[in-house]
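Chemist: no sequence for this one, just the structure:
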């Protein structure tokens with residue numbers, strides 16, 4: 001007579017193997033989630049750095065309104081040296097420090113400050129500056145009109161009465 005115990009021989013081994021497969025799939029999913037989280041965290045950190053840098057230069061423009069009015073805070077893409085600012089002036093010092101900061105804080109960091117535009121309907125001499133910061137982001141697969149391929153950008157509009 002065959003007992004029930006002999007009919008179930010090996011069932012425990014199969015259950016253990018199935019459990020190992022299920023746990024392995026779960027652990028692989030968690031690892032993938034962790035990698036994605038790290039990538040998103042890095043992009044978020046870089047965007048925060050860009051925002052801080054944009055606010056910093058906007059404050060400098062607001063404080064140094066006379067030189068801003070003269071066009072000393074304009075900066076084209078890939079300019080490593082301020083073109084319009086007179087060497088040693090506050091605008092020149094601000095831009096050189098800012099160019100170095102962008103290069104140090106953001107991979108392949110670059111910046112653009114467009115010529116100020118008068119704000120329509122504003123009283124007085126209100127001007128708006130478009131400040132764009134570009135940097136390489138390996139998690140982005142697109143072409144930015146201002147920055148180029150695989151570049152993230154942060155555009156900041158700064159308004160100042162000058």
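Modeler: Received it, and whenever you're ready, just let me know what you need. Just so it is clear, the model here is predicted, and its values are computed rather than measured.

Chemist: what stretches of the protein score poorly on pLDDT?
Modeler: 1-10, 122-125, 141-146, 148-151, 153-162 (pLDDT under 70).

Chemist: In a strand, residue 111, correct?
Modeler: Yes. Counting by DSSP: H, G, I helix; E, B strand; the rest coil, residue 111 is part of a strand.

Chemist: For it, give the beta-bridge partners.
Modeler: residue 133 (DSSP bridges).

Chemist: Just list what the longest helix along the chain packs against, helices and strands only.
Modeler: When the chain is parsed with DSSP state H, its longest helix is helix 11-63. Applying 3 or more CB pairs under 8 Å, 6 or more residues apart in numbering; DSSP states H and E, one finds that helix 11-63 contacts helix 90-105, strand 110-113, strand 126-136, strand 151-161. Just so you know, the C-beta spots here come from the backbone N, C-alpha and C atoms, and that holds for glycine as well.

Chemist: quick one, it and strand 126-136 angle?
Modeler: 140 degrees (axes from the mean of the first three to the mean of the last three CA atoms, to 10 degrees).

Chemist: After helix 11-63, heading C-terminal, what element do we hit next?
Modeler: Proceeding N to C from helix 11-63, the next assigned helix or strand is helix 65-69, under DSSP states H and E.

Chemist: Quick one: distance of that following helix to the chain centre.
Modeler: 28 Å (CA atoms, centre = their mean, to the nearest Å).
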